[in-house]
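[1] Build the 3D model from these lines:
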Amino acid sequence: MKKILVITSAVLLLAAACNNQAAVQPAPAPQPVTQTPAPAPAPTTDPTAGWKTYTNAQYGFEFKYPTSLQMEIMQPSPLFVSGLKLVSESKSCFDPQNLASAVCIFSLSVGNGTGNLSKLGNPTQLTVGGKQATSISDAKEQLISIPFSANNYLAISYDNRFKNSTNDQILNYILASVKFTK
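    As a prediction, the model looks like this:
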C-alpha cells in the first residue's frame, strides 16, 4: 500500500509540476490579421470629356462633339430651318476646288414637321435624349430623325463614305450626349 501511495504521490507531483510549467509559459502571441482591401473600382472616364458642346437655345437642344471636328453653320433651306455640319480637317463639305478631299462626316439640322422616315424604307427605332427616334440607312448615309416638339425634329446625318469603327463610336457618343432643354 505504501508503494501505491508513493506512486500516486509521484504522479500527482509530476502533474502539478507540468501544470505549473504550463502556467508559467507565456501564451503564444496572436497572429496579426491582415485583410487585403477590396480593389477600388476603376474610375469611369467620360469618353467625351474635353469635347466641345453645341447649344441651340432657340430650339432647346445641345450635344457634344469632338474637338477634332470643325463646325460649319448651314444656311436655312426649304428642307431645314437651322443646321450645321461637323467637318474633318477644317475642310468644307462642299469645297468646289477639291471635292475629293472634302470630308463632311456628320450634319445636324432642325426641320419643320414630324421627321417621319417610315416612308423611306425599313426604319429602326431608338431613343436619343429621352425622345423616340427613327434611324434609316442606305448606301450613302444613315439618317436619324428625332421629333422633339409638335412641329420640329432634329435630323442627324452620317456620311457612309466615312463609315468606320471610330466614326461609328463618335456617332454613338454624339447621340448619347444629346439633351433637350425645352
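
[2] Show me where the protein has its strands.
    52-56, 61-65, 69-74, 82-88, 104-112, 124-128, 131-137, 141-147, 152-159, 179-180 (DSSP state E).

[3] partners of the fifth one in the sheet?
    Meaning strand 104-112. Applying DSSP bridges, strand 104-112 is found paired with strand 82-88 (antiparallel), strand 152-159 (antiparallel).

[4] rewinding a little: tabulate the strands of the chain (a markdown table), appending mean pLDDT.
    Shown next, in a markdown table, are the strands of the chain (pLDDT from 0 to 100):
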| stretch | mean pLDDT |
| --- | --- |
| strand 52-56 | 93 |
| strand 61-65 | 93 |
| strand 69-74 | 83 |
| strand 82-88 | 81 |
| strand 104-112 | 83 |
| strand 124-128 | 93 |
| strand 131-137 | 91 |
| strand 141-147 | 90 |
| strand 152-159 | 89 |
| strand 179-180 | 94 |
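
[5] Format those as a markdown table; extra columns: mean neighbour count and distance to residue 35.
    No exception for glycine: its C-beta is placed from N, CA and C like everyone else's. What follows is those, written out as a markdown table (neighbours: other C-beta atoms under 10 Å; distance: least, C-beta to C-beta, whole Å):
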| stretch | mean neighbour count | distance to residue 35 |
| --- | --- | --- |
| strand 52-56 | 14 | 44 |
| strand 61-65 | 21 | 42 |
| strand 69-74 | 15 | 49 |
| strand 82-88 | 20 | 51 |
| strand 104-112 | 20 | 51 |
| strand 124-128 | 13 | 44 |
| strand 131-137 | 18 | 49 |
| strand 141-147 | 21 | 51 |
| strand 152-159 | 22 | 51 |
| strand 179-180 | 15 | 44 |
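
[6] so which of those gets nearest residue 43?
    Residue 43 lies closest, by C-beta to C-beta, to one member of those: strand 61-65, at 19.5 Å.

[7] Quick one: the strands of the chain as JSON lines, columns for distance to residue 40 too.
    Formatted as JSON lines, the strands of the chain follow (distance: least, C-beta to C-beta, whole Å):
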{"stretch": "strand 52-56", "distance to residue 40": "30"}
{"stretch": "strand 61-65", "distance to residue 40": "28"}
{"stretch": "strand 69-74", "distance to residue 40": "35"}
{"stretch": "strand 82-88", "distance to residue 40": "37"}
{"stretch": "strand 104-112", "distance to residue 40": "37"}
{"stretch": "strand 124-128", "distance to residue 40": "32"}
{"stretch": "strand 131-137", "distance to residue 40": "36"}
{"stretch": "strand 141-147", "distance to residue 40": "38"}
{"stretch": "strand 152-159", "distance to residue 40": "38"}
{"stretch": "strand 179-180", "distance to residue 40": "30"}
